[in-house]
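>>> Show me the folded form of this:
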Amino acid sequence: MDRALVDTTTIRSGVGRPRKTWHLTPRAQSQFPDRHDQLTLEMIISVKEIFGDEGLTQLIEHRSQSSERIYQEKLAVHSTLASKIAALAKIRTDEGYMASYSKEDDGFLFIENHCPICAAAQACQGFCRSELQVFRTLFTPDATVNRTEYILDGARRCAYRIEPTGSPNQ
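Numbering: from 1, shown residues only. Got it, this is the predicted structure:
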């Protein structure tokens, strides 16, 4: 038995042998079909059909503003550009983006090796545009942010060049 996929619980009640119950672990759950991508696509189509392009734009803007608030709060405790980028990489990794960064001569390269919202982004690239805008807002006025690689253009990852603007908060 692979303990990473199945676990047991022993239940003692009354007389006789304890009873064992078996259950799947979270790792095992990933082995079963998951239709969240399909549900997401259906929801995007429904929003667009019911509320039009403007409704979908409002939905994306709402998500963007919410993400920006959360990121701003978490980055506020960091005083340097490098520590803010490191914190953002951690946040995005926790969200499933497998993010990392590296220091380069003229700034930083911020990389997302996985896109957990890829199905939604393929159906509506507004998600990607808003994400780029959130990154730009997070680092203003300390740095400029430009996307250099893009999964939806056929790249293997999304990457962003973050270049300091020369402000003292680097």
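>>> Distance check, the residue most central in space within the chain against E112.
Centroid-nearest residue in the chain: E95, 3.9 Å away (criterion: C-alpha atoms, centre = their mean). Distance, E95 to E112, using C-beta to C-beta, to the nearest Å: 10 Å. All C-beta spots, glycine's among them, are computed from the backbone N, C-alpha and C.
>>> and the least confident helix or strand in the chain by mean pLDDT, how far out from the chain's middle?
Here the helix or strand of the chain ranked lowest by mean pLDDT, DSSP states H and E is helix 26-29, holding a mean of 72. Relative to its chain's centre, helix 26-29 lies at 20 Å (C-alpha atoms, centre = their mean, to the nearest Å).
>>> Repeat that for stretch 99-109.
In terms of C-alpha atoms, centre = their mean, the centre of stretch 99-109 is found 19 Å from the chain centre.
>>> and if you look at stretch 99-119?
Remark: stretch 99-119 is offset 12 Å from the chain centroid, using C-alpha atoms, centre = their mean.
>>> Name the residues that touch it?
Residues outside stretch 99-119 that contact it (C-beta atoms under 8 Å, 6 or more residues apart in numbering): 37-38, 40-41, 81-82, 85-86, 88-93, 95-98, 121, 127, 135, 143, 145, 148, 151-152, 156-164.
>>> So which of these sit within helices?
37-38, 40-41, 81-82, 85-86, 88-93, 121, 127, 135 (DSSP state H).
>>> buried subset of those residues?
Buried residues within the ones in helices among the contacts of stretch 99-119, counting neighbours by 16 or more other C-beta atoms under 10 Å: 40-41, 81-82, 85-86, 88-89, 91-92, 121, 127, 135.
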